[in-house]
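Peer 1: Quick one, what's the 3D model for this:
(chains A, B, C and D)
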Number of protein chains: 2
Amino acid sequence: MQQDQDIAAVFVDRWNQAASFEQTGTCPVRDVLDKIGDKWSMLIVMYLAAGPKRFNQLHREVPDISQKMLTQTLRDLQRDGLVSRHVFDTKPPSVEYRLTGLGQSLIVPFGYLIDWANQSIPSIEAARASYDKAA
Amino acid sequence: MQQDQDIAAVFVDRWNQAASFEQTGTCPVRDVLDKIGDKWSMLIVMYLAAGPKRFNQLHREVPDISQKMLTQTLRDLQRDGLVSRHVFDTKPPSVEYRLTGLGQSLIVPFGYLIDWANQSIPSIEAARASYDKAA
DNA sequence: CCGCATCCCTGCTGATACTG
DNA sequence: CAGTATCAGCAGGGATGCGG
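Peer 2: Alright, predicted model coming up:
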């Protein structure tokens, strides 16, 4: 309980913190959360967690992703320093993507979230069913 | 490393799992991730983590949220069983919102994510600056 | 093989105004 | 106080076609 309040305080403080917020117009925590909620970012990170992969390999493995979104998402992840890009000068050329140390470090806290999700899904679906029935 | 691969496997399996996915068209893990990335959901959860609050109290405390989004987000959280709603039959009427046990349990894994974010923000911003400079 | 550019459409969001 | 209803703007993301 007390710890929960501490976490909340840290979070809310950071959120309200005007530092780069007032200037850039975006909150740094919001930034990270957006990535988490992004349709493809975390899925790609999880696929890359198993090891380096090439562009078309990802394109085949990640279900239903378009070429455009794969490119775009990989660029964003690279820009944030979560993924590194390696071009091999063969022909035809091949490009390999892999998680950086920072990218790998994200897997740990993200994993806790996935665990929570998997454990809580039954409760959530039950709550939804109950809520919808009342209407 | 090995553990990372396990987490990835669990996640990807769950993602691809056709159970309610093929029928409802939505993946249960995706559901949870969407809430995390939602503009207001987690912010409200964090504010409620400090204790129960009334509608207008939240409206005042949560920065820049519109009445509409506050109502809508609280409804969604309630439907998912993360937040409970209590109406007091006074006049003027007052409505109190509080985290359920499920809602409180989310704070723990979510807290790890916030911690990671706060620790990693310097690295991320450095990576971005470096990436942008190259262009 | 890898990536960029364009078009287009859907849905989320905010602003505004109105009820019990 | 605690909502509901309606309207308009914008960004995310898919489809398609082209280039190195």
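
Peer 1: Could I get the pLDDT score of residue A:82?
Peer 2: Here the pLDDT value assigned to residue A:82 is 98.

Peer 1: Show the average pLDDT along the helix or strand hosting residue A:72.
Peer 2: Assessed by DSSP states H and E, residue A:72 sits inside helix A:67-79. Confidence for helix A:67-79, expressed as mean pLDDT, is 98.

Peer 1: what do you get for stretch A:52-61?
Peer 2: pLDDT averaged over stretch A:52-61 gives 96.

Peer 1: hmm, it touching chain B?
Peer 2: No: with Cβ under 8 Å from any Cβ of the partner chain as the threshold, stretch A:52-61 lies outside contact range of chain B, at a closest distance of 8.8 Å. (Glycine included, C-beta is placed from N, CA and C.)

Peer 1: hmm, that stretch touching DNA strand C?
Peer 2: Yes: judged by Cβ under 7 Å from any atom of the strand, stretch A:52-61 comes into contact with DNA strand C through A:54, A:55, A:56, A:57, A:59.

Peer 1: Just give the closest residue to the last one, not the sequence neighbours.
Peer 2: Counting by Cβ to Cβ, 6 or more residues apart in numbering or on different chains, residue A:59 lies nearest to residue A:70, which is 5.7 Å off, once chain neighbours are set aside.

Peer 1: do the second one as well
Peer 2: Among residues not flanking residue A:55 along the chain, residue A:95 sits closest, at 5.1 Å (Cβ to Cβ, 6+ apart).

Peer 1: For the residue of chain A found nearest DNA strand C, pull up the helix or strand it's in.
Peer 2: For chain A and DNA strand C, the shortest gap (Cβ to the nearest atom of the strand) falls at residue A:56, measuring 2.9 Å. Residue A:56 belongs to helix A:55-61 when assigned by DSSP H and E.

Peer 1: Can you name the residues bridging to residue A:94?
Peer 2: residue A:88 (DSSP bridges).

Peer 1: thinking again about what came up before, what does the helix holding residue A:72 contact?
Peer 2: Residues from elsewhere that reach helix A:67-79 (Cβ atoms under 8 Å, 6 or more residues apart in numbering or on different chains): A:35, A:38-41, A:44-45, A:55, A:58-59, A:62, A:65, A:83-85, A:97, A:103, B:127-128, B:131-132.

Peer 1: residues contacting the residue of chain A found nearest DNA strand D?
Peer 2: Taking Cβ to the nearest atom of the strand as the measure, the point where chain A comes nearest DNA strand D is residue A:39, at 3.4 Å. Residue A:39 makes contacts with residue A:69, as judged by Cβ under 8 Å, 6+ apart.

Peer 1: Report the secondary structure state of it.
Peer 2: Of the three states, residue A:39 takes coil under DSSP: H, G, I helix; E, B strand; the rest coil.

Peer 1: and the gap between it and residue A:99?
Peer 2: Distance from residue A:39 to residue A:99, counting by Cβ to Cβ, to the nearest Å: 19 Å.

Peer 1: returning to what we had before: could you list the buried residues of the helix holding residue A:56?
Peer 2: Judged by neighbour count using 16 or more other Cβ atoms under 10 Å in any protein chain shown, the buried positions of helix A:55-61 are A:55, A:58.

Peer 1: Over to stretch A:92-104?
Peer 2: Going by 16+ other Cβ under 10 Å, stretch A:92-104 has these buried residues: A:97, A:99, A:100, A:102, A:103, A:104.

Peer 1: So for that stretch, mean pLDDT?
Peer 2: Confidence over stretch A:92-104 (mean pLDDT, whole number) is 96.

Peer 1: Within range of DNA strand C, give me the residues from chain A.
Peer 2: Where proximity means Cβ under 7 Å from any atom of the strand, the interface of chain A facing DNA strand C comprises A:54-57, A:59, A:67-68, A:71, A:74-75, A:85, A:92-95.

Peer 1: closest to chain B among those?
Peer 2: For the residues of chain A next to DNA strand C, the closest approach to chain B (Cβ to the nearest Cβ) belongs to residue A:75, at 9.0 Å.
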